[in-house]
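Chemist: With the sequence up front, the predicted model follows.
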Amino acid sequence: GQQVMQIPQYQHVQEGEDFTTYCNSSTTLSNIQWYKQRPGGHPVFLIQLVKSGEVKKQKRLTFQFGEAKKNSSLHITATQTTDVGTYFCAGNSGGSNYKLTFGKGTLLTVNP
Amino acid sequence: DTAVSQTPKYLVTQMGNDKSIKCEQNLGHDTMYWYKQDSKKFLKIMFSYNNKELIINETVPNRFSPKSPDKAHLNLHINSLELGDSAVYFCASSRGQGAKGNQPQHFGDGTRLSIL
């Protein structure tokens, strides 16, 4: 079945440093979503990418979808303590349009 | 107003018991989901219903049985609980399929199930 791999598993940064998490799928994706889960909280939707090579920005967050639609990345510029949490990518291969396969997530911790 | 609400928030019970978790959404969404998040934070889809019809049924032991009495509710009943069932169970909902593919999923706060 479809697999979505995400690296790194953990990332610890000093406040103000940049952070990137990468997501790779074993199959071509029709779209990919990103979620953030604060410690003790629930996943919260951040963004969806649909088009090949798409780049979207949300303030300090930049999301990219690869040209082959098999990989994606989330980059945070100048991290803040409020960025702490686990970031998940979730892909859909189009077989069942309702099913998202989640990566294992990257836990980001930020040292103030 | 809470968009996706689950009850109970915490559930501590003995091995072998039967328990239910309830989920309700007031977003008017057509599709609802159950996910299991283990201790390593891995989120895995279990079931999904669209307009009360089961559309996703992953490889889940048949001790787990979902029920959707209407579009706004999706409950999960678990028989003969085992130690390995300890996890956080999240309910989520989304609109029906859109032209651009999946719709964003809105998650509840989770039910933390601990088996003694």
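Modeler: The structure has been received and is ready for your questions.
Chemist: And the lowest mean pLDDT element among the helices and strands of chain B?
Modeler: Using mean pLDDT, DSSP states H and E, the weakest-scoring helix or strand in chain B turns out to be strand B:53-57, at a mean of 86.
Chemist: Give me the residues contacting it.
Modeler: A:96, A:98, A:99, B:31, B:33, B:45, B:47, B:48, B:49, B:66, B:68 (C-beta atoms under 8 Å, 6 or more residues apart in numbering or on different chains). C-beta here means a position set from N, CA and C on the backbone, and glycine is covered the same way.
Chemist: Those residues in helices, which ones?
Modeler: Among the contacts of strand B:53-57, none falls in helices (DSSP state H).
Chemist: List only those of those residues flagged as buried.
Modeler: Neighbour counting over the contacts of strand B:53-57 (16 or more other C-beta atoms under 10 Å in any protein chain shown) leaves A:98, A:99, B:31, B:33, B:45, B:47, B:48, B:49, B:66, B:68 as the buried ones.
Chemist: From the centroid of chain B, which residue is nearest?
Modeler: The C-alpha lying nearest the average C-alpha coordinate of chain B belongs to residue B:34 (C-alpha atoms, centre = their mean; 2.6 Å).
Chemist: Now do residue 98, the pLDDT please.
Modeler: Reading this off chain A. pLDDT for residue A:98: 71.
Chemist: think we crossed wires, I meant chain B
Modeler: 57.
Chemist: Where do the helices of chain B begin and end?
Modeler: According to DSSP H, chain B contains no helices.
Chemist: and it, which residues reach chain A?
Modeler: B:31, B:33, B:40-45, B:48, B:50, B:55-56, B:90, B:92, B:94, B:97, B:100-102, B:104-110 (C-beta under 8 Å from any C-beta of the partner chain).
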